[in-house]
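In: sequence first, then the predicted structure, then my questions.
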Amino acid sequence: MPLRQVLLLLALTAMSCTPGSAAGPMTISDFRGFCTVFPTPNSCDSGPICDEFAYVLEDTIQSLDDCLARCRRVKAHLTPGNITNNCAKPLNRASDLCAQYCRRAFAQ
């Protein structure tokens, strides 16, 4: 395959995976679906973590800054109790998805 076609294919692939206004807002149901991971032996149950984030996202949010601040506060609140029980990855995932929810909800 010629280099030009490879570069075009890579550019199209990158554009199709980029979140933003074209992706549309994320619903709370989407958030929960992306956030919740079925636990495996010796792993964390992500359900309670995702529920905490979803709870603050379900309330009326005024702005992107307000939304992102809520995500930060929930993560700060949950970090001490989840750092030592093998839940750091689900907590970080939920926090990242929370920020993505906010950015998609308030996309220009």
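Out: On my side now, so go ahead.

In: which SSE is the most centrally placed residue in the chain in?
Out: The centre of the chain sits closest to residue 97, judged by CA atoms, centre = their mean, with a distance of 0.6 Å. Using DSSP states H and E, residue 97 maps to helix 88-105.

In: then residue 107?
Out: Using DSSP H and E, residue 107 falls outside every helix and strand.

In: show me where this protein has strands.
Out: In order along the chain, the chain carries no strands (DSSP state E).

In: output the below-cut-off pLDDT ranges for it.
Out: 1-23, 40, 108 (pLDDT under 70).

In: and the helices in this protein?
Out: Along the chain, counting by DSSP state H, helices occupy 3-17, 28-35, 47-58, 64-82, 88-105.

In: I'd like those helices laid out as CSV, including distance to residue 41.
Out: In short, each C-beta sits where N, CA and C put it, glycine included. Listed next are the helices of the chain as CSV, based on distance: least, CB to CB, whole Å:
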stretch, distance to residue 41
helix 3-17, 32
helix 28-35, 21
helix 47-58, 16
helix 64-82, 18
helix 88-105, 15
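
In: among those helices, which is the most enclosed?
Out: The highest mean neighbour count among the helices of the chain, using mean count of other CB atoms under 10 Å, belongs to helix 88-105: a mean of 19.

In: list the contacts for residue 53?
Out: Applying CB atoms under 8 Å, 6 or more residues apart in numbering, we find residue 53 in contact with 31, 35, 71, 74, 94, 95, 97, 98.

In: one more time with 10 Å
Out: Under the criterion of CB atoms under 10 Å, 6 or more residues apart in numbering, the neighbours of residue 53 are 28, 31-32, 35, 70-71, 74-75, 78, 91, 94-95, 97-99, 101.

In: what of residue 26?
Out: Counted by CB under 10 Å, 6+ apart, residue 26 has contacts 19, 33, 34, 57, 97, 98, 100, 101, 102, 103, 104, 105.
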